[in-house]
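Novice: just to be clear, the model below is a prediction. Sequence and coordinates:
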Amino acid sequence: QASNALQELATIATNYDVDGINVHFINDMDSGIGLKSSAQVAQLFSRVKPRGGTNLGRKLELLTSIYMEKIERANKEGGMMQVMQTCKPVNYVIITDGQPTDDVEGPITALAKRLDEGRFSLTQIGLQFLQIGSEPSATDFLQKLDDNLHKTHKVRDIVDCTPYIGGPITADMITKILLGGINRRVDMQDTRGLV
C-alpha cells in the first residue's frame, strides 16, 4: 500500500518541488533521496523488506536532528532571513501499522522545544502520522500523541495523526494529510475523515 501511494506521490511532487521526495525506513538504512518518479520509488521498495520492531523514536530523532542542525546553523550565521532563504520547511509523513517499541514522545518533545527555543516558524517542521491497519492500541497511542503531547509538555503542536478506517492508502490521501500539516485551519476542520 505504502509503495503504491508513494510512487504516485513522487510523480505529483515534482510539479510542486523540484527536489522530489525522500523516503526512509524505520529498520533499514537504505533510503531514497530526491525521488521524482514511480520507478525510483518501486526500485527502492524492491530492495527493502519489513523486519524488526517499530523503533520509530530513534529514527525520528536521527532524521529531525540532521534538519535541526541545518536550520540552527543557518539561524546562527544569518538569522531567520537566512533560515527562510536556505532551509525549506519539511513535513515528515510517517506511515506505521503499529505502536512504537521505543520512546517516541521524548524525541518529539525535544524537537518541539528546540523549535520553540529557536523561535522558528510554526510550519518549519511537521510530523504527520498515517496509520495503516486497525490495531486499537496503535490508534489509541497515535490519538494521544496528536491530542495531548503539546498540551502535556507545553510545546508547539507539530504532530497530526490520521487513524486508519479502511481502504487503500493513496497519493491523494497523503497530499491531503500534508496539507493539513501545512495549513492548520485544515487540521482544525478535522482531517481524520480523509482515510
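Specialist: Perfect, thanks for sending it.

Novice: and Pro50, what helix or strand is that in?
Specialist: Under the criterion DSSP states H and E, no helix or strand holds Pro50.

Novice: ditto for Asn22
Specialist: Assigned by DSSP H and E, Asn22 falls within strand 21-25.

Novice: correct me if wrong: Gln99 contacts Thr139.
Specialist: No. Taking contacts as C-beta atoms under 8 Å, Gln99 lies outside contact range of Thr139: 9.1 Å. Placement of C-beta: from N, CA and C, glycine included.

Novice: doesn't Asn75 belong to a strand?
Specialist: No. Under DSSP: H, G, I helix; E, B strand; the rest coil, Asn75 sits outside any strand and is assigned helix.

Novice: list the buried residues of the host helix or strand of Met81.
Specialist: Secondary structure assignment for Met81, by DSSP H and E: helix 56-86. By neighbour count on 16 or more other C-beta atoms under 10 Å, the buried set for helix 56-86 is 56-61, 63-64, 67-68, 71-72, 74-75, 83-84.

Novice: which secondary structure state does Asp160 sit in?
Specialist: Going by three-state DSSP: Asp160 is strand.

Novice: tell me the confidence at it?
Specialist: For Asp160, the pLDDT comes out at 91.

Novice: before we move on, the earlier item: the strand holding Asn22 packs against which elements?
Specialist: Contact partners of strand 21-25 among helices and strands, from 3 or more C-beta pairs under 8 Å, 6 or more residues apart in numbering; DSSP states H and E: helix 2-13, strand 28-35.

Novice: pairing partners for the last one, with directions?
Specialist: Using DSSP bridges, the neighbouring strands of strand 28-35 in the sheet come out as strand 21-25 (antiparallel).

Novice: quick one, domains of this structure?
Specialist: Structural domains annotated on the chain: 1-52, 56-194, as defined by automatic domain parsing.
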